[in-house]
Structure formats: structure tokens, C-alpha cells
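Enquirer: need a structure here:
(one chain, ligands or ions: 1)
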Amino acid sequence: MEKALSAYKPVLLINAAAYTNVDKAESEPALAFAVNRDGPDNLAGACAKANLPFIHISTDYVFDGQKKSPYIETDQISPLGVYGKSKEQGEKMVRSRTEKHIILRTSWLYGMHGNNFVKTMLRLGREKMAIRVVSDQYGCPTSAADLAEAVLTIADLIISAPGINSKINWGTYHYCGQGITTWHEFAEAVFDIAGRHDAMKVEKIEPIKTVDYPTPAKRPFFSALDCSLIEKSFGIKTKPWQESLKVAIDRIFNSNIV
Ligand SMILES: NC(=O)c1ccc[n+]([C@@H]2O[C@H](COP(=O)([O-])OP(=O)(O)OC[C@H]3O[C@@H](n4cnc5c(N)ncnc54)[C@H](OP(=O)(O)O)[C@@H]3O)[C@@H](O)[C@H]2O)c1
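Expert: Residues are numbered from 1 along each chain as shown. Next up, the predicted model:
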């Protein structure tokens, strides 16, 4: 990383890389910790040496889901699985390595690229008549494009205010889509929007309980994030999750990615 930083001479570093397979992490803890703890540790260390700001993406899964209202940045973290623990450790490393950091926790991320819940639903919706989706886990879907915009807004503020008197409020922030939903309701919204583009085969979206869909990793039942601090500090407003979902699905269909 030190070599790369001196070769490319960036003005700041953004880390969006992570080991993100929540279930597989349970059987591959060493790899999950290497990527999610040691990776950011190395990156933040290299940034500290080069005096570069570091923006790092983290997750709602650092929380255990026992709270009844959206989590704020200073709430107790208590991850349930290996993935969450490895991300928590990554956050800790970043904080200890450099003051000039922004840790941005987000949740239920989807977009046109890569594998994500929305793209999985679009595939299943074409293949199956009926699907079962968990309806007792609550959270906030977040469009990767919206998150990218938030990251770039912060990056611009950092870059345009490098003077000695400028004040960037370094630290940990939450950013996610506005509104709380369940995976089941999220899936229904996906099919509602996708159905306007293409005939979906799926007719029945059955709500099921987490206990009826056992997975290797435990997930928080409630992981909504309160995003008031990022608005107060950087003027970044969240967007209603349904509106962003429509934009993303329209983009997916218009670019023939599905
Ligand atoms: N997905 C969610 O619902 C969610 C929720 C909350 C927070 N987050 C956080 O958001 C960030 C982005 O997640 P995502 O969902 O976009 O994940 P993703 O689609 O799995 O992308 C992760 C990226 O990390 C890269 N990567 C993995 N291991 C690497 C390594 N050792 N060296 C370099 N690159 C490596 C992967 O590269 P390859 O493509 O080459 O494998 C991939 O491009 C992560 O910090 C994640 O923890 C995600």
C-alpha cells in the first residue's frame, strides 16, 4: 500500500473492499478477519504515514439488533457473527491508526453491479412462481449509487478544506436509505417495480420467519441506522428507499444487466 500511495499520490483513500459473505464468514473466519480487520488496519496505517485522509465503509451488522429505534453512532456495538465481528475489529483498527478517518456504516446495500439482494430477487422472480422471504428482520435498504454520492460529497469537503484552520468532523457516521422495511416488503417492492419493465414469473411472495430460514450466521432482527449526524455534519440527506430502488431497477433494466 505504501508503494501504491507513493506511486499514485492520491489526495485521500476510500476503502470499499471487504469480505462480505455473511454466512460463509462463519466457516472462514481467518479470511474474513484478514480482509475486514487486517486490510483496513494496513490501509489506515499507510494513510497515517502519508498523512492522507481515509474513508472506510462499515456495516449495520456491528449491532446486535436488540434496540427498538434506529441505531446512532455511539450506541453499543455487539456483533452477532464472524462478519460483524471482523468489521467491528476493522473499525477499531482504523480509529487507532489515524485520527483523519471517516467510517461510514451502511446497511442492506444493493446496486446494478455485483451480487446483491435486488439482483437475486430479479433472478428468482424470473425463474420461480413462488418465493419465501424473511419478514421479521427490519432494516434500511441503501442504494450503492446513493452511498457513493455521500462518500464523494465527504471526499470533496475534505479535499476542498485542507487548510490548517479547516475543521472536518472526523469519526464514525451512519448513512442508509430513508425508511425502515423488512426483506419481505423489500422483495415486494422489487417485483412491483420490475414488473413494469418485464413479465415476472413470480406470483407468490410468502413471508416467513427467520427461524424457518436457518442460516449459518445469526443476523440482527433490527438494524435501522439513524442518519441525523451525517446530515448535521456534512449536509448529506438520505433518500426514501423506495425512490432509490426505482432508480436502481430502472438502471438495471435500461442497461440490460439482468
Ligand atoms: N452488502 C451489504 O448489504 C452491506 C451492508 C452494509 C455494509 N456493507 C459494506 O459495504 C462495503 C461494500 O460491500 P459490497 O456489498 O459492495 O461488497 P461486494 O459486492 O462483495 O464488494 C466487495 C469488493 O471487495 C473486493 N475485495 C474482497 N476482498 C478483497 C481483497 N482481499 N483485496 C482487494 N479487494 C477485495 C471484492 O473484489 P472482487 O470482486 O475481486 O472479489 C469486491 O469488489 C463493505 O465494506 C461492506 O462491509 C455492505
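
Enquirer: Which residues of the stretch 51-200 of the chain lie near the ligand?
Expert: 57, 59-60, 87, 106-109, 114 (Cβ under 6 Å from any ligand atom). C-beta here means a position set from N, CA and C on the backbone, and glycine is covered the same way.

Enquirer: give me the number of residues near the closest residue to P29 other than its chain neighbours?
Expert: Leaving aside its chain neighbours, P29 sits nearest to V82 (4.7 Å; criterion: Cβ to Cβ, 6 or more residues apart in numbering). A count of nearby residues for V82, using other Cβ atoms under 10 Å, gives 24.

Enquirer: For the stretch 101-250 of the chain, just list every one of the helices.
Expert: Assigned by DSSP state H, counting those that start in this stretch, the helices in the stretch 101-250 of the chain fall at 117-127, 144-160, 183-194, 228-234, 241-254.

Enquirer: thinking again about what came up before, backbone dihedrals for the residue nearest to P29, please?
Expert: Per-residue torsions, V82: phi -60, psi -40 (degrees, to the nearest 10).

Enquirer: ok, it - contacts?
Expert: 25-26, 28-29, 32-33, 217 (Cβ atoms under 8 Å, 6 or more residues apart in numbering).

Enquirer: picking up where we left off before, deepest of the helices of the stretch 101-250 of the chain, which one?
Expert: Among those, helix 183-194 has the highest mean neighbour count (mean count of other Cβ atoms under 10 Å), at a mean of 21.

Enquirer: Stretch 109-123: how far from the chain's middle?
Expert: 13 Å (Cα atoms, centre = their mean, to the nearest Å).

Enquirer: Need the residues that contact that stretch.
Expert: Residues outside stretch 109-123 that contact it (Cβ under 8 Å, 6+ apart) are 108, 131, 141-145, 147, 183, 186-187, 190-191, 194, 245, 248-249, 251-252, 255, 257-258.

Enquirer: With stretch 206-217 instead?
Expert: Contact partners of stretch 206-217, identified using Cβ under 8 Å, 6+ apart, comprise 22-27, 80-83, 130-137, 182, 184, 219, 221.

Enquirer: can you give me the end-to-end distance of that stretch?
Expert: Stretch 206-217 has its terminal residues 22 Å apart, counting by Cα to Cα, to the nearest Å.

Enquirer: list the buried ones in that stretch?
Expert: Neighbour counts over stretch 206-217 (16 or more other Cβ atoms under 10 Å) mark 207, 217 as buried.

Enquirer: please renumber so the chain begins at 535
Expert: Understood, numbering begins at 535; the last thing we discussed is stretch 740-751.

Enquirer: can you tell if it touches the ligand?
Expert: No: applying Cβ under 6 Å from any ligand atom, one finds stretch 740-751 separated from the ligand by no less than 12.8 Å.

Enquirer: what mean pLDDT does that stretch have?
Expert: If you average the pLDDT over stretch 740-751, you get 95.

Enquirer: Which residues are in contact with the closest residue to Y707 other than its chain neighbours?
Expert: Take Y707 and drop its neighbours on the chain: the residue closest to it by Cβ to Cβ, 6+ apart is I764, 4.4 Å away. By Cβ under 8 Å, 6+ apart, the contact list for I764 reads 638, 684, 707-709, 770.

Enquirer: now do 10 Å
Expert: Contact analysis of I764 by Cβ atoms under 10 Å, 6 or more residues apart in numbering lists 607, 636, 638-639, 684, 687-688, 703, 706-710, 770-772.

Enquirer: same check, this time on A559
Expert: With contact taken as Cβ under 10 Å, 6+ apart, A559 is in contact with 553, 565-567, 569-570, 615-621, 750-751.

Enquirer: Which ones among the residues you listed lie within helices?
Expert: Counting by DSSP state H, the contacts of A559 place 565-567, 616-621 in helices.
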